[in-house]
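In: Need a 3D model of the following:
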Amino acid sequence: MNLETRIKELQAVHDQQVEDLKVSAGKIADSLSPAAMVKSVLQDVGGSSELRATALDTAIGIGTGFLGRKLYVGGSNNLLKKITGSALQFFLTTLVRNKMPDIRENFHKQEDGEMVKP
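Out: As a prediction, the model looks like this:
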């Protein structure tokens, strides 16, 4: 094998490695895009019943807090009412989020026909 043949072989290997690196870099860039990250998180949440329940509890808590604030503040321009509305939203969000596991458990007990303490 002469030197020129060996150089051509090594150049072909080099070209293939560069092409492989470009493809890998493209895949890495795609996986780091915000859309891919959100998709990955949603797949993780969808795959774990505990994460799904936690996400649902949080969403219900946030929705309840937001609704409570909207009902309390309404279209008011009163600064004090807006501040207390925000405090109410935080309180309701936290309360509902923390109580959702108990509510879910009581609901399942009622479905099964068990007695539930008030």
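
In: Helix or strand next in line after the one helix or strand residue 38 maps to, which one?
Out: Secondary structure assignment for residue 38, by DSSP states H and E: helix 34-47. Next in sequence after helix 34-47, counting helices and strands by DSSP H and E, comes helix 49-73.

In: Now that following helix: average pLDDT?
Out: For helix 49-73, the mean per-residue pLDDT is 87.

In: which residues of the chain score low on pLDDT?
Out: 1, 45-47, 112-118 (pLDDT under 70).

In: Now do the buried residues in the top helix by length along the chain.
Out: The longest helix of the chain (DSSP state H) is helix 79-111. For helix 79-111, the neighbour count (16 or more other CB atoms under 10 Å) marks 85, 88, 89, 92, 93, 96, 97, 100 as buried. Yep, even glycine has a C-beta here, placed from its N, CA and C like the rest.

In: Serialize the residues you listed to a markdown table and add fields for distance to residue 37.
Out: Output for those, formatted as a markdown table (distance: CB to CB, whole Å):
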| residue | distance to residue 37 |
| --- | --- |
| 85 | 33 |
| 88 | 33 |
| 89 | 28 |
| 92 | 30 |
| 93 | 25 |
| 96 | 28 |
| 97 | 24 |
| 100 | 26 |
